[in-house]
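In: Dropping the sequence and predicted coords here.
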Amino acid sequence: MSSTAQSSLPADGDTSSQTALENELAVLLVESLNLEVAPDDIVPTAPLYGDGLGLDSIDILEVALEVSRKYGFQLRSDDERNQQIFESLRSLATHVAQNRSAA
C-alpha cells in the first residue's frame, strides 16, 4: 500500500462519496467524539463546524490530538490554516494525506 496521496476526490467525481482516508477519519471523528452519526453518513464536503457536523472548538482540539497520535504529525492550535484544514472531512483528509508520510 502506498502512502502517497491520491486525488482527494473519488475517482468517479462524486463529491458525496468518501475516499478510504476520509472514511478512516470519519470513524476517528465518530469514535473520539462519541458522535451519534454513522461514519458513512458524514458528507465529505459538509462543514465540520456549525450547521454541518456541528463540532465546536473543543471537539476540533480533540480531533487534532487524535489525528496527531494516529498519523504521526502535529496539528498546532496556532496554525493560521486551521480554519481551512478543519473546514470539512475532505479538507482534513487532504491535509493528513499531505503530512502523514513526512513523520
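Out: Nice, I can see it. From a predicted model like this one, the values you see are computed outputs, not experimental measurements.
In: Nearest residue to the middle of the protein?
Out: The centroid of the chain falls nearest to residue 92 when counting by CA atoms, centre = their mean (3.5 Å).
In: Tell me which residues of the helix or strand hosting that one come out buried.
Out: Following DSSP states H and E, one finds residue 92 within helix 89-99. Going by neighbour count (16 or more other CB atoms under 10 Å), the buried part of helix 89-99 is 89, 90, 91, 92, 93, 94, 95, 96, 97, 99. All C-beta atoms are positioned from the backbone trio N, CA, C, and that covers glycine.
In: Among those residues, which one sits closest to residue 64?
Out: When these are ranked by distance to residue 64 (CB to CB), residue 92 comes first, at 9.6 Å.
In: Now for the closest one: which residues touch it?
Out: 25, 48, 63, 67, 85, 86 (CB atoms under 8 Å, 6 or more residues apart in numbering).
In: out of these, who has the most neighbours?
Out: Sorting these by how many neighbours each has (other CB atoms under 10 Å) puts residue 25 first, at 26 neighbours.
In: I figured that residue was touching residue 89, is that so?
Out: Yes. Taking CB atoms under 8 Å as the definition, residue 25 is a contact partner of residue 89 at 6.0 Å.
In: where are the low-confidence patches of this structure?
Out: For the chain, the stretches with pLDDT under 70 are 1-16, 101-103.
In: Please, where are all the helices along it?
Out: Per DSSP state H, the chain carries helices over the ranges 20-33, 57-71, 82-85, 89-99.
In: Now render those helices as TSV, adding distance to residue 41.
Out: Shown next, in TSV, are the helices of the chain (distance: least, CB to CB, whole Å):
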stretch	distance to residue 41
helix 20-33	8
helix 57-71	17
helix 82-85	22
helix 89-99	11
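In: Which one, of these, ends up nearest to residue 44?
Out: Smallest distance to residue 44 across the helices of the chain (CB to CB): 4.2 Å, for helix 89-99.
In: could you check the angle helix 57-71 makes with that closest one?
Out: Angle of helix 89-99 versus helix 57-71, following axes from the mean of the first three to the mean of the last three CA atoms, to 10 degrees, is 40 degrees.
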